[in-house]
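Q: From the sequence below, what's the structure:
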Amino acid sequence: MHAKTGDKLVIHGNVVGQGDREGEIIEVRGPEGAPPYVVRFPDGHEQFVFPGPDAVIVPAERQD
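A: Model (predicted):
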């Protein structure tokens, strides 16, 4: 998994009834775009994230 600042991190809910979480990657701390990432969620909360297999990166240029 590789990302850059401005990309979106989408964490899919893995329990029935749990929705997806989306946030903007504001800092990449791993080498060459690798995790961990600092992610800002829509409510303003910022979190240090090591994404699991239920997460995907949406490149900034593909966001509409």
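
Q: going forward, measure contacts and count neighbours with C-alpha atoms only.
A: OK.

Q: what residue of this structure is the furthest out?
A: Outermost residue of the chain with respect to the C-alpha centroid, by Cα atoms, centre = their mean, is Val16; its distance is 20.9 Å.

Q: My read is that Gly19 contacts His12, right?
A: Yes. If you go by Cα atoms under 8 Å, Gly19 and His12 touch, sitting 6.9 Å apart.

Q: Show me which of these two is the more surrounded one.
A: Using other Cα atoms under 10 Å as the criterion, Gly19 and His12 rank with His12 on top: 16 against 11.

Q: how about low-confidence regions in this structure?
A: Within the chain, the segments meeting pLDDT under 70 span 62-64.

Q: which residue ranges form the strands in it?
A: Taking DSSP state E, the strands of the chain run over residues 8-11, 21-28, 37-40, 46-49, 55-58.

Q: Against Gly13, how distant is Phe50?
A: Distance of Phe50 to Gly13, computed by Cα to Cα, to the nearest Å: 16 Å.
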